[in-house]
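>>> would you be able to build a 3D model of this:
(one chain, ligands or ions: 1)
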Amino acid sequence: MTLKLGVIGTGAIGQEHIRRCSHVLQGAQVVAVSDINVDGARAALQRLNIEAEVFENGHDVIHSPNVDAVLVTSWDPTHEEFTLAAIAAGKPVFCEKPLAMSAEGCRRVVDAEIQAGKRLVQVGFMRPYDAGYRALKKVITDGDIGEPLMLHCAHRNPTVPESYTTPMAITNTLIHELDVLRWLTSDDYKTVQVIFPRVTSKTHGQLKDPQIVLFETHKGVRIDVEIFVNCAYGYDIQCEVVGEEGIARLPEPSSVQLRKDARLSNTILVDWKDRFIEAYDVELQAFINDIKAGQLTGPSAWDGFAASVAADACIKAQSSGAIEPVEMPPRPAFYN
Ligand SMILES: NC(=O)c1ccc[n+]([C@@H]2O[C@H](COP(=O)([O-])OP(=O)(O)OC[C@H]3O[C@@H](n4cnc5c(N)ncnc54)[C@H](O)[C@@H]3O)[C@@H](O)[C@H]2O)c1
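The predicted structure follows:
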């Protein structure tokens, strides 16, 4: 059976997901799309050589009898509304991060899903599908380095636009670490503090860059994450886990090693789309396969909520300078 997908939002990542669902992955077909820029949606389909119905309103995609499942890839403030509508229609929905604009919004999605009695939501956190992170997780769960004690991480972008603000370092950038580090350590955050080192001359007035975010987890693990979004040299994701018996590091993306002009070098990626291109393929193939198998298993609405609770505490810590508690309610049995 071919799963018929409807996609709401045909911007950068919407087009990427339409391309991969249509031309790379198995078992699905994009049959409907919508975007507030209808002409842009039509042009995107033409460029991608895909025939699909174009709707002016995302709710028409959700309610189309031709659509089995929905991808929400529109702007952040629309995610909660479309995800709740898909749940109400009983259709599985893949929602790009963030699940909602606030922890309260994420909680509304969690409550609606529990009410529906079946997992219908997968959140677009792709790092748990990255081969490097999966290998790192296996080293930890196999006990190869003993119990994790400390994590040293970095999330660096070459540059960001003028519209990028200090809180966006949390909601747009750190949000991926907020999800993947919980998954990696099987732990939740207890407290957070944000420290601002000397500011880079390459930033602009609205953005304090870099930042260091320090967490303590419930098991007592200490995590430091450097966020540096005008680092100038490339898109660079680092993660090192220090355990009782050894240290494990996220592998570097593979590249040809070059010996030339008395130098030994490797290329560093610049575009985030290239760094996680395979992880995006794997996450969406899992969404398609899981729907067919009758049970979603990827990052859940609860994971979206947990990341959002931690993000809210980080933003508070940015302005207070204090160590702030991360207050997570107990996980409902529904998500065990
Ligand atoms: N998982 C990831 O690594 C990742 C990467 C990039 C973007 N994202 C998320 O994906 C979403 C889209 O990001 P993008 O970079 O593609 O942005 P974008 O601006 O390129 O595209 C968003 C599209 O949504 C459309 N849109 C806005 N409101 C709409 C509505 N009510 N109905 C239908 N269409 C609507 C816009 O017209 C635009 O074409 C964001 O929420 C972003 O956080 C996730």
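>>> using the three-state scheme, assign residue 225.
Here residue 225 is recorded as strand under DSSP: H, G, I helix; E, B strand; the rest coil.
>>> residue 1 - nearest residue in space that isn't next to it in sequence?
Nearest residue to residue 1, sequence neighbours excluded (CB to CB, 6 or more residues apart in numbering): residue 292, at 6.9 Å. The way it works is simple: take the backbone N, C-alpha and C, and place the C-beta from them, glycine included.
>>> report the mean confidence score over the one helix or strand that neighbour maps to.
Assigned by DSSP states H and E, residue 292 falls within helix 277-293. The predicted model gives helix 277-293 an average pLDDT of 97.
>>> which secondary structure elements does whichever helix or strand comes after it contact?
Using DSSP H and E, the helix or strand that follows helix 277-293 in sequence is helix 301-320. Under the contact criterion of 3 or more CB pairs under 8 Å, 6 or more residues apart in numbering; DSSP states H and E, helix 301-320 touches helix 103-116, strand 121-123, helix 175-185, strand 189-195, strand 211-217, strand 324-325.
>>> give me the distance between the two termini of stretch 77-93.
Chord length of stretch 77-93, first to last residue, is 16 Å (CA to CA, to the nearest Å).
>>> and stretch 224-239, by the same measure?
End-to-end distance of stretch 224-239 (CA to CA): 10 Å.
>>> again, but for stretch 161-177
Terminal residues of stretch 161-177 lie 21 Å apart, using CA to CA.
>>> buried residues in that stretch, which are they?
Of the residues in stretch 161-177, 164, 166, 168, 169, 170, 171, 172, 173, 174, 175, 176, 177 count as buried by neighbour count, 16 or more other CB atoms under 10 Å.
>>> residues of the stretch 101-250 of the chain that sit close to the ligand?
By CB under 6 Å from any ligand atom, the residues of the stretch 101-250 of the chain that approach the ligand are 124, 126.
>>> what about the residue nearest to residue 1, distance to residue 253?
As judged by CB to CB, to the nearest Å, residue 292 and residue 253 stand 31 Å apart.
>>> higher neighbour count, those two?
Remark: of residue 292 and residue 253, residue 253 carries more neighbours, 20 against 13, as counted by other CB atoms under 10 Å.
>>> quick one: residues contacting the more buried one.
Going by CB atoms under 8 Å, 6 or more residues apart in numbering, residue 253 touches 132, 269, 275.
>>> ok, residue 135 - how many residues close by?
12.
>>> quick check: closest non-adjacent residue to the residue in the chain that the ligand sits nearest to.
Residue of the chain nearest the ligand, by CB to the nearest ligand atom: residue 11 (1.7 Å). Leaving aside its sequence neighbours, residue 11 sits nearest to residue 73 (CB to CB, 6+ apart; 7.0 Å).
>>> wait, that neighbour sits on residue 96?
Yes: between residue 73 and residue 96 there is a contact at 5.1 Å, judged by CB atoms under 8 Å.
>>> overlap in contacts of the two?
Common neighbours of residue 73 and residue 96, using CB under 8 Å, 6+ apart, are 9, 13.
>>> who has more neighbours out of the two?
Comparing residue 73 with residue 96 by other CB under 10 Å, the one with more neighbours is residue 73, at 26 against 21.
>>> per the annotation, how does this structure divide into domains?
Using automatic domain parsing, the domain parsing of the chain gives 3-125+278-298, 128-268+307-335.
>>> for the worst-scoring helix or strand of the chain on mean pLDDT, what is the distance to the chain centroid?
Ranked by mean pLDDT, DSSP states H and E, the helix or strand of the chain with the weakest confidence is helix 272-275, at a mean of 90. Relative to the centre of its chain, helix 272-275 is centred 13 Å away, using CA atoms, centre = their mean, to the nearest Å.
>>> list the buried residues of that helix.
The neighbour-count check on helix 272-275 (16+ other CB under 10 Å) flags residue 275 as buried.
>>> and that helix with the ligand, contact?
No: counting by CB under 6 Å from any ligand atom, the ligand is not contacted by helix 272-275; separation bottoms out at 6.5 Å.
>>> outside of that helix, which residues touch it?
Contacts for helix 272-275 (CB under 8 Å, 6+ apart): 16, 157, 235, 237, 253, 269.
>>> do that again at 6 Å, thanks
Contacts with helix 272-275, where a contact means CB atoms under 6 Å, 6 or more residues apart in numbering, come from 235, 269.
>>> for it, list the C-alpha coordinates in PDB.
Taking only C-alpha atoms (Å, rounded to 0.1, in the frame of the first residue of the first chain), the coordinates of helix 272-275 have been written out as PDB:
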ATOM      1  CA  TRP A 272      23.000  22.000   8.000                       C
ATOM      2  CA  LYS A 273      21.000  20.300   5.300                       C
ATOM      3  CA  ASP A 274      24.100  18.400   4.200                       C
ATOM      4  CA  ARG A 275      25.200  17.500   7.800                       C
END
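>>> tell me, what residue is most central in the chain?
With distances taken as CA atoms, centre = their mean, residue 125 lies nearest the centre of the chain, 3.0 Å away.
>>> my read is that that one contacts residue 300, right?
No: the pair residue 125 / residue 300 is not scored as a contact, 9.7 Å apart, by CB atoms under 6 Å.
>>> show me where the stretch 1-150 of the chain has its strands.
Taking DSSP state E, counting those that start in this stretch as the test, the strands found in the stretch 1-150 of the chain are 3-8, 28-34, 53-55, 69-72, 93-95, 121-123, 148-156.
>>> many thanks, have a good one.
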